[in-house]
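Participant: prediction below, plus the sequence it came from.
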Amino acid sequence: QVQLVESGGGLVGPGGSLRLSCVGSGFMFEAYNMSWYRQAPGSERALVAVIGYSDGRTEYTDSVKGRFTISRDDAKKTVFLHMNNLRPEDTAVYYCHARRTWYDYWGQGTQVTVSS
């Protein structure tokens, strides 16, 4: 059974930091591109960052460049999202995503709230 389990969300003040983790099981984690998406209330789910499985190449949406870092530990089947200098507009549910060709898996999401 495929599972992606996120953790690390919570409430943080503006300028604060959080580290999200996502542990995968039931599939060949090391062979999948891994991503983080987010969905704010009233908005569509949007890509935040992606990390490739072969070369570890990363890409970010413009609004998080220089503040967020995606990384992966294939031995632990875990992908991370390090978030620094958080802003109120980063408030959303953050989802972990795994993709390889036509295989496509989602986690259940973790809430991140940035507020003073």
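Facilitator: Nice, I can see it. Numbering: from 1, shown residues only.
Participant: where exactly do the strands run in the chain?
Facilitator: 3-7, 10-12, 18-25, 33-39, 46-51, 58-60, 68-73, 78-83, 92-100, 103-106, 110-114 (DSSP state E).
Participant: who's the residue positioned nearest the centre of the chain bridged to?
Facilitator: Computing the C-alpha centroid of the chain and ranking residues by CA atoms, centre = their mean puts residue 36 first, at 2.8 Å. The bridge-partner assignment for residue 36, based on DSSP bridges, gives residue 49, residue 96.
Participant: what is the neighbour count of the nearest residue to residue 80 once chain neighbours are set aside?
Facilitator: In space, and not counting its chain neighbours, residue 80 is closest to residue 71: 4.9 Å by CB to CB, 6 or more residues apart in numbering. C-beta here means a position set from N, CA and C on the backbone, and glycine is covered the same way. By other CB atoms under 10 Å, the residues close to residue 71 number 15.
Participant: relative to residue 5, how far out is residue 71?
Facilitator: Separation of residue 71 from residue 5 (CB to CB, to the nearest Å): 17 Å.
Participant: what do you get for residue 81?
Facilitator: 14 Å.
Participant: likewise residue 53?
Facilitator: For residue 53 relative to residue 5 (CB to CB), the value is 19 Å.
Participant: between those two, which one's more packed in?
Facilitator: Per other CB under 10 Å, whichever of residue 53 and residue 5 has more neighbours is residue 53, with 18 against 14.
Participant: got the phi/psi numbers for that one?
Facilitator: As for residue 53, its main-chain torsions (degrees, to the nearest 10) stand at phi -90, psi -30.
Participant: verify the stated contact: it with residue 31.
Facilitator: Yes. With contact defined as CB atoms under 8 Å, residue 53 reaches residue 31; the gap is 5.6 Å.
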